[in-house]
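Novice: Need the 3D shape of this:
(one chain, ligands or ions: 1)
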Amino acid sequence: MRIIRAKDYKDMSRKAANIISAQVILKPDSVLGLATGSSPIGTYEQLVKWYEKDDLDFADVTTVNLDEYYGMKPENDQSYHYFMHDHFFDHVNIDPSRINLPNGMEPDEKKECARYDAVLRSVGDVDIQLLGIGRNGHIGFNEPDDCFAKGTHCVELTESTIEANKRFFVSEDEVPRRAYSMGIHTIMTAKKVLVVASGEDKAWAIRESCFGPVTPKVPGSILQLHNDAIVIADEAALSLC
Ligand code: GLP
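Specialist: Residues are numbered from 1 along each chain as shown. Here you go, the predicted model:
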């Protein structure tokens, strides 16, 4: 695991965008694993800026997203579909047919998990998986558990995640209780994993993920076993390391 120290959120975002853009320049038909949340917004902003300057081309890129809220319509502005279009897809020349996310509106969990796993198999290896990290160490929506989940699954969100995500909703009652998430095994098969973390509220998760025991109680800790995992964290997120 390589830890890159960033001065602040902006520096973290620029460094992460540099790594992703190098990937896309070297391999224009890259498969990018994408993440939502406030952590990667700056990374997407930077990639969009470079695209607008003609420095990047996403025409042949395929994307797979980590997760989506269960029961959430794509047009709902809190859905991860909406987020990705708002922050990234609508601003670059990505081919809509190469964008993949779990379908939160599929009520049949088994069906949706099997469908998304088939999509993930068909796109091939993810070249870079971008990840944020939850305060409790969750990655995607893989919450602390007794074992690591392998493939796509439907998760019950923990109180800590509901509490952390309520800032995006009018009230806590509106925060979905469940979500579809890519599994840990799938995340681990990405060729490169890139974690972005900013702020003091991530300090515990970063310390435990980078230096704590590898345990499903802290899902991010599995990344210690990945042979090309990069953590870009700012001073505040590294304050307990
Ligand atoms: C959500 C997402 C995760 C994200 C995490 C942290 O629960 N499912 O993918 O990493 O929140 O979000 P933020 O970056 O806003 O702190």
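
Novice: For this structure, which segments count as strands?
Specialist: Assigned strands in the chain, in chain order: 2-6, 31-34, 62-65, 67-69, 99-100, 128-131, 153-156, 178-181, 192-197, 229-234 (criterion: DSSP state E).

Novice: Dump the ones you listed into a markdown table; add mean neighbour count and mean pLDDT as well.
Specialist: In short, each C-beta sits where N, CA and C put it, glycine included. Shown next, in a markdown table, are those (neighbours: other C-beta atoms under 10 Å; pLDDT from 0 to 100):
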| stretch | mean neighbour count | mean pLDDT |
| --- | --- | --- |
| strand 2-6 | 15 | 98 |
| strand 31-34 | 25 | 98 |
| strand 62-65 | 22 | 98 |
| strand 67-69 | 25 | 97 |
| strand 99-100 | 18 | 98 |
| strand 128-131 | 26 | 98 |
| strand 153-156 | 18 | 95 |
| strand 178-181 | 24 | 96 |
| strand 192-197 | 26 | 98 |
| strand 229-234 | 24 | 98 |
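
Novice: So which of the ones you listed is nearest the ligand?
Specialist: Across these, the ligand has its closest neighbour in strand 67-69 (4.9 Å, C-beta to the nearest ligand atom).

Novice: list the helices and strands the worst-scoring helix or strand of the chain on mean pLDDT packs on?
Specialist: Using mean pLDDT, DSSP states H and E, the weakest-scoring helix or strand in the chain turns out to be helix 159-165, at a mean of 89. Contact partners of helix 159-165 among helices and strands, from 3 or more C-beta pairs under 8 Å, 6 or more residues apart in numbering; DSSP states H and E: none.

Novice: Counting neighbours, which bits of that helix end up buried?
Specialist: 161-162, 164-165 (16 or more other C-beta atoms under 10 Å).

Novice: when you check the ligand, which of those residues turn up near it?
Specialist: Checked against the ligand using C-beta under 6 Å from any ligand atom, those yield the following neighbours: 161, 165.

Novice: Using JSON lines, please lay out the strands of the chain together with distance to Ser79.
Specialist: Shown next, in JSON lines, are the strands of the chain (distance: least, C-beta to C-beta, whole Å):
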{"stretch": "strand 2-6", "distance to Ser79": "29"}
{"stretch": "strand 31-34", "distance to Ser79": "14"}
{"stretch": "strand 62-65", "distance to Ser79": "11"}
{"stretch": "strand 67-69", "distance to Ser79": "6"}
{"stretch": "strand 99-100", "distance to Ser79": "14"}
{"stretch": "strand 128-131", "distance to Ser79": "18"}
{"stretch": "strand 153-156", "distance to Ser79": "16"}
{"stretch": "strand 178-181", "distance to Ser79": "11"}
{"stretch": "strand 192-197", "distance to Ser79": "21"}
{"stretch": "strand 229-234", "distance to Ser79": "26"}
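
Novice: need the contact list for Ile19.
Specialist: By C-beta atoms under 8 Å, 6 or more residues apart in numbering, the residues touching Ile19 are 128, 192, 194, 230.
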